[in-house]
Structures are given as structure tokens and as C-alpha cells.
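> just to be clear, the model below is a prediction. Sequence and coordinates:
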Amino acid sequence: MKKLLLLCLGLCALCAEPKVLIFGDSNTFGTTDNQGGAHDENKLYWAIASKALNKKADIRVNALPGRTIGLDFPSEHFNGFKALKETLKAERADILVVMLGTNDLLIGAKPDMAAEAFSNFITYAKKQGIKGLLIIAPPLLDFGDEKGAEVLKSYSLAFNDELRKIANENKAFFIDAIKIIGKAKEKDGVHLSQEDHAKLAPAVANWLNEILKKY
């Protein structure tokens, strides 16, 4: 009887849908250019991608406008590293999809500082049992002729290059949003338009399908 119970438990574990955690900031939340506005959830990149998966998965989203990688700005509530710790304590995840970094750069973090924080973030996630990892480098921060815009643009490009290296080091899948959508199309130049979400979704679905082949 005991052997039968163990066998049943083993089969249940094999049949369980892999848990996918989508973790991000306002561009995963769906914020628009309008203050307090948000896109239809069904038209966000992760929602579109989830409909194109070849295998069922338990998709969970944890997104917060203003979230940083690991900075307590404007308070620790926005610290992504601390939020991830709390999230993984509360619920198991097999696969992590993460897009962060925009807010770090906007508040003055240099690319190498932001990348180091991201690397620590990913190292922790893997120690907590994350086996599949997809890193999405954020869209280009390009504010044209505004003061300081050229420096911020160079930081944005450099940060995404650093994330590519982190992905390679961690044998993670990688998407560079700059290569797909360039600059975000909402008027503020920070947030993704519905068109941007639609363009990003196929790449996310493609890599998630690759990861899900292991389950």
C-alpha cells in the first residue's frame, strides 16, 4: 500500500503543470502612457504568449509599476529582489521570466551596477529551485534631444548588452526588446504600446515553448 501511494505521488508530480512566474515592472503590469491607465490584460505580451504555448503551464504574474531590480526606491516595497524572495517563499516556481532594469536606469543606476544587481537576483532565483530562465532586456530609453538623453540611451544599450552576458553565464534564454521593438511606443517613451506587446509576445512564446520541452 505504501509503495502504491508513493507511486501515485510520483505520477502526480510528473503530471503537474510546470509553474511559470512572470516577474516585472510596469511593462509587465501593462501600464499605458495615461496616468493610472492600463492595457487590456489579454493584450499584454505574457497573456498573448501564454495562448501560444504547446504545453499547458500554470502562469502566474507578479508585476509592480516602479519596481527596480534591487533598489529601495522610493521605498523597499519597490525592491524586486526583496519581492522575489517573498514570492518564492510563498509559492514554488519552476520557470522564471523576468523583465526589469528600466526603473533602475531612470533613477540613475549605471549599467554595471544594475547588471550586478540583476546577476545576484538570478543567482538567488536558481538557488530557490528555478530551473528554466528567460531574461527579457527592456526596451530602449531614448528621449531625443532632452537634457541627459544621450547618456541615458547609452546606458540603456550597455545594460542590455550586460544582460546578454548574464544570460549566457546562467545558460538562460534571452530576448533583447531593443532588437524587437526599439523604443517603447507610448508617448512617454518608457511604456510598451499594445503594438509593442504584440511584437514581443511571439519571442516570449517561442522561448517558453523551448523551456517547456524539458517538462
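Okay, I see it.
> contacting residues around stretch 157-169?
Contact with stretch 157-169 is made by 101, 105, 111-112, 114-115, 118-119, 122, 133, 135, 137-138, 140, 172-174, 176-178, as judged by CB atoms under 8 Å, 6 or more residues apart in numbering. Just so you know, the C-beta spots here come from the backbone N, C-alpha and C atoms, and that holds for glycine as well.
> the residues you listed, buried ones only, as a ChimeraX selection?
Of the contacts of stretch 157-169, the buried ones can be selected in ChimeraX as follows, counting by 16 or more other CB atoms under 10 Å:
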select :101,105,111,114,115,118,119,122,133,135,137,138,140,172,173,174,176,177,178
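> hey, which helix or strand in this structure has the poorest pLDDT?
helix 2-15 (a mean of 42; mean pLDDT, DSSP states H and E).
> next SSE after it?
strand 19-24 (DSSP states H and E).
> so the residue minimising distance to the centre of the chain is in which element?
Geometric centre of the chain, nearest residue: Val98, 1.9 Å, by CA atoms, centre = their mean. Secondary structure assignment for Val98, by DSSP H and E: strand 95-99.
> which residues of the protein score low on pLDDT?
Low-confidence segments of the chain, defined by pLDDT under 70: 1-15.
> quick one: work out the angle between the biggest helix by length in it and strand 95-99.
Ranked by residue count and defined by DSSP state H, the top helix of the chain is helix 149-169. If you take axes from the mean of the first three to the mean of the last three CA atoms, to 10 degrees, helix 149-169 sits at 170 degrees to strand 95-99.
> the helix or strand just after helix 149-169 pairs with which strands?
Downstream of helix 149-169, the next assigned helix or strand under DSSP H and E is strand 173-176. With DSSP bridges as the test, strand 173-176 is paired with strand 132-137 (parallel).
> dump the strand it pairs with to PDB, keeping only the CA atoms.
C-alpha atoms of strand 132-137 as PDB (Å, rounded to 0.1, in the frame of the first residue of the first chain):
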ATOM      1  CA  GLY A 132      14.100  27.400 -16.600                       C
ATOM      2  CA  LEU A 133      15.000  31.000 -17.000                       C
ATOM      3  CA  LEU A 134      14.100  33.600 -19.600                       C
ATOM      4  CA  ILE A 135      15.600  37.100 -19.300                       C
ATOM      5  CA  ILE A 136      14.000  39.900 -21.300                       C
ATOM      6  CA  ALA A 137      16.100  43.000 -21.600                       C
END
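> please enumerate residues in contact with it?
For strand 132-137, the external contacting residues (CB under 8 Å, 6+ apart) are 18, 20, 24, 94-99, 101, 122, 125-126, 159-160, 163-164, 166-167, 170-178, 200, 204, 207-208, 211-212, 214.
> enumerate every residue touching the residue nearest to the centre of the chain.
Phe23, Gly24, Phe121, Ile122, Ala125, Leu133, Leu134, Ile135, Ile136.
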